[in-house]
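> mind looking at a prediction? Sequence and model below.
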Amino acid sequence: MEFLSNLALGFSVASSLENLTFCLIGVLLGTLIGVLPGIGATATIAMLLPITFQLEPVSSLIMLAGIYYGAQYGGSTTAILINMPGESSSAVTAIDGYQMARKGRAGIALAVAAIGSFFAGTVSTFLVALFAPLLTTVALKFGSAEYFSLMVLGLIMSVALAHGSVLKALAMVVLGLLLGMVGSDIYDGTPRFTMGITAYADGLNFVAVAVGVFGIAEILRNLEDEHDRQVLTSHVGRLWPTREDFRAIVGPVLRGTGLGSVLGILPGGGAILASFASYTVEKKLSKNPGEFGHGAIAGVAGPESANNAGAQTSFIPLLTLGIPANPVMALMIGAMIIQGIVPGPNVASEQPGLFWGIIASMWIGNLMLVVLNLPLIGLWVKLLKVPYFILFPIIMAMCSIGVYSVASNTWDLYAVAFFGLLGYVMGKLRFEPAPLLLGFVLGPLLEEHLRRALILSRGDAATFINRPISLTLLLLAVGVLVLVFLPAIRKSRDEVFTESEG
Amino acid sequence: MTSPTTDRSEAIAGALLMLAAGFFAWQTMDLRIGTALRMGPGYFPAILSGILFLLGLLVFLKAFRSTATSEAMGAIAWRGLLFILPAPVFFGLTVRGLGFVPALFLTALIAAMASMRMKLHWALLLAFLVTLFSTLVFSYALGLPFRRFGPWLPF
């Protein structure tokens, strides 16, 4: 059984003392970040990214992955306790989780979220291990035309899943692509859009852009209105669910895991979509749908399983195709590239230890989260009370060190300030940052594959349509675009997003 | 549904997009465009600038026939902008000259001033602790190649 020997290799890599330590640091940091007010996982991973460059590639990616799913756990904690989702994918959890907390069932809601997430994490880790190699064999057949079309599909998906105006999200993708063009031309080295600044000849620093657009902009938004946060309850109540509770969550957890695993693979923010979809399904299937919105346990268990499963399977496109499914995965790509690993189908065959080590570490990380987080909930609740004005100077200092340590380039720090301002203005004008970042990361790849595909086809643009895989991907992209512009779909999409903000 | 009104923030958004497109198009003019077979450095950016301009125009035009109720833009964090944005710039300007330790202390201090609720003595204490922690972790433990004190200082 190749599958088992691969997993065994992965676990032997992931369970080395060093990697276990970094996994633990990662999940703890991630939870901390998810719990702390006013700073999201994307921004924090962007800031911590440079710190991991000193580590071995495997350890650094294991730690980053740990931060990612740790933050999901932390995000659910704040969603339940203070009705403030730390992560957009826990927005749905807040609806019923917070209601459960108000009824004195906060502990049970937290435990159900943790148990559901762990189950989903276990199943989807095995799915990743099963399907990643299959997809890798498909991916090896991909030529430049297919890669181009796949990236177009990914970008369109990110537009479809963004909040608000589709036009503006499209504009953000295009702006991101253009920003990705900054630097030297890949074929003849002509400097583009560098304004004569040689420090930008290698392109804008990805970490600087991400920290600015996500991190600094978020700090500025929080400074608009300085309020103390109300922690609903320092009394969490009993943790362990009763037998009836267990019976009530089995179905939602199973369905959520299934939905999440499938939707997570889709490029463009699968985990968020997965939790929404799961909530809708549970509400439809429930015997008393009126309970939803007033503390339905299924409304916590389903979406929490779904978003964790989705978070896990979103590693599949990253590990097999080198294509990020969401901004966090884009950061992982950045980390791999700086470590000298070219993300793509070759990673599995050339670096099996790294590939399977990351997959195995996901399961270990999930286990750590369940074991650690339930007892530590009291500590997390205390952390919620840390006032914001103490946090953000620390964050600013970490940002500055982090960005500077990537390449010791002071111009990267000036770029942080610029993109912080840009991100803040974008927020004011209701532009979404995620499509911009995805465009920025994919821009150079997209151009390279476009140009290479056209050279191979002797300038015939029909190459994208004549190749069946490429055509399918492009048709899917067109289909998605048509769907989001259709009035009926647009209306229900608006409703879904409005519900999440309520 | 209210009758169509003008959504000011949408109009600004559209105009800014067109402005950005114009900037990239202007910068592309110096680049060789090439043909579809042998694309020059300017080919793809030229296409993208065109698309961005069109999208900006659509957003701009739609702003004048807005049916959605316009959301207020809300308060603007002037104090935040004034202190947060210069912090990384200051760090960039001084990290080589002053060295890591003093540059970071002052950066944290500047950033701390962004909150109205911060008191000076708390800011000093916080900046000190942040600097101490970061120096121990990044400079000593992780061994990042920073000069702790730079050539601008007499010692």
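Everything's here; your move.

> C-alpha from now on. contacts and neighbour counts both.
Fine.

> so A:Thr77 sits against A:Leu110, correct?
Yes - taking C-alpha atoms under 8 Å as the contact criterion, A:Thr77 and A:Leu110 are neighbours in contact, 6.6 Å apart.

> B:Leu144: neighbour count?
The number of residues packed near B:Leu144 is 15, by other C-alpha atoms under 10 Å in any protein chain shown.

> Three-state assignment for the closest residue to chain A within chain B, please.
Across chain B, the shortest distance to chain A (C-alpha to the nearest C-alpha) belongs to B:Leu37, at 3.7 Å. What DSSP: H, G, I helix; E, B strand; the rest coil gives for B:Leu37 is coil.

> A:Thr77 and A:Leu110 - which one has more neighbours?
Neighbour totals were compared for A:Thr77 and A:Leu110, and A:Thr77 leads with 35 against 30 (other C-alpha under 10 Å).

> excluding sequence neighbours, find me the nearest residue to the residue of chain B closest to chain A.
Closest residue to B:Leu37 apart from its sequence neighbours, by C-alpha to C-alpha, 6 or more residues apart in numbering or on different chains: A:Gly459 at 3.7 Å.

> so who does the one you found touch?
Counting by C-alpha atoms under 8 Å, 6 or more residues apart in numbering or on different chains, A:Gly459 touches B:Ala36, B:Leu37, B:Arg38.

> now do B:Asp30
Contact analysis of B:Asp30 by C-alpha under 8 Å, 6+ apart lists nothing.

> again, only this time at 10 Å
A:Arg192, B:Pro41, B:Gly42 (C-alpha atoms under 10 Å, 6 or more residues apart in numbering or on different chains).

> now do A:Ala335
A:46, A:49-50, A:52-53, A:57, A:60-61, A:64, A:206-207, A:329, A:341, A:343.

> any idea which helix or strand comes after the strand or helix carrying it?
Assigned by DSSP states H and E, A:Ala335 falls within helix A:327-338. Next in sequence after helix A:327-338, counting helices and strands by DSSP H and E, comes helix A:346-350.

> other residues contacting that following helix?
Applying C-alpha under 10 Å, 6+ apart, the contact partners of helix A:346-350 are A:132-133, A:136-137, A:139-140, A:319-322, A:341, A:352-356.

> could you redo the last one with a cut-off of 7 Å?
Helix A:346-350 is contacted by residues A:Phe355 when judged by C-alpha atoms under 7 Å, 6 or more residues apart in numbering or on different chains.

> quick check: buried residues in that helix?
By 16 or more other C-alpha atoms under 10 Å in any protein chain shown, the buried positions in helix A:346-350 come out as A:Asn346, A:Val347, A:Ala348.

> if I look at the second one, how far off is A:Phe131?
Translated: A:Val347. 15 Å (C-alpha to C-alpha, to the nearest Å).

> for A:Gly97, give me its contacts.
Applying C-alpha under 7 Å, 6+ apart to A:Gly97 gives the contacts A:Ala79, A:Ile80, A:Ala109, A:Gly295, A:Val300.

> can we see that at 8 Å?
Applying C-alpha under 8 Å, 6+ apart, the residues near A:Gly97 are A:Ala79, A:Ile80, A:Leu81, A:Asn83, A:Ala106, A:Ala109, A:Gly295, A:Ala296, A:Ile297, A:Gly299, A:Val300.

> which helix or which strand is home to the last one?
A:Val300 is part of helix A:298-313 when elements are defined by DSSP H and E.

> now whichever helix or strand comes after that helix: average pLDDT?
Per DSSP H and E, the first helix or strand lying C-terminal to helix A:298-313 is helix A:315-321. The average of the pLDDT scores along helix A:315-321 is 78.

> give me the residue ranges of chain B where confidence is low.
For chain B, the stretches with pLDDT under 70 are B:1-4, B:67-73, B:155.

> what number of residues lie near A:Lys382?
By other C-alpha under 10 Å, 11 other residues sit near A:Lys382.

> repeat that for the one 3 residues further on.
The number of residues packed near A:Lys385 is 14, by other C-alpha under 10 Å.

> that one: what secondary structure?
Taking three-state DSSP as the rule, one finds A:Lys385 in the coil state.

> check it and give its pLDDT.
73.

> got any ranges where chain A has weak pLDDT?
For chain A, the stretches with pLDDT under 70 are A:1, A:37-40, A:50, A:84-89, A:161-163, A:226-237, A:267-271, A:487-502.

> which part of it gets nearest to chain B, residue-wise?
Chain A approaches chain B most closely through A:Gly459 (3.7 Å), counting by C-alpha to the nearest C-alpha.

> related to what we said a few turns ago, and the helix holding A:Val300 with helix A:327-338, angle?
20 degrees (axes from the mean of the first three to the mean of the last three C-alpha atoms, to 10 degrees).

> with just CA atoms, put helix A:298-313 into CSV.
Presented in CSV, the C-alpha positions along helix A:298-313 are these (Å, rounded to 0.1, in the frame of the first residue of the first chain):
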residue,chain,number,x,y,z
ALA,A,298,-26.5,21.9,14.7
GLY,A,299,-25.8,25.4,13.5
VAL,A,300,-22.5,25.3,15.3
ALA,A,301,-21.5,21.7,14.7
GLY,A,302,-22.1,21.7,10.9
PRO,A,303,-20.4,24.9,9.8
GLU,A,304,-17.5,24.4,12.1
SER,A,305,-16.8,21.0,10.7
ALA,A,306,-17.3,22.3,7.2
ASN,A,307,-14.9,25.2,7.5
ASN,A,308,-12.2,23.1,9.1
ALA,A,309,-12.5,20.4,6.4
GLY,A,310,-12.4,23.1,3.8
ALA,A,311,-9.4,24.7,5.3
GLN,A,312,-7.6,21.4,5.2
THR,A,313,-8.6,20.4,1.6
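
> since we're on the nearest residue to B:Met113 once chain neighbours are set aside, how many residues are nearby?
Leaving aside its sequence neighbours, B:Met113 sits nearest to B:Phe83 (C-alpha to C-alpha, 6+ apart; 6.5 Å). Neighbour count of B:Phe83, defined by other C-alpha under 10 Å: 19.

> from what I see, B:Phe83 and B:Ala114 are in contact.
Yes - using C-alpha under 8 Å, B:Phe83 is in contact with B:Ala114, at 5.1 Å.

> before we move on, the earlier item: from the contacts of B:Asp30, which land in helices?
Counting by DSSP state H, the contacts of B:Asp30 place none of their members in helices.

> in a markdown table, list those along with distance to A:Ser165 and neighbour count.
Listed next are the contacts of B:Asp30 as a markdown table, based on distance: C-alpha to C-alpha, whole Å; neighbours: other C-alpha atoms under 10 Å in any protein chain shown:
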| residue | distance to A:Ser165 | neighbour count |
| --- | --- | --- |
| A:Arg192 | 30 | 23 |
| B:Pro41 | 31 | 25 |
| B:Gly42 | 29 | 21 |
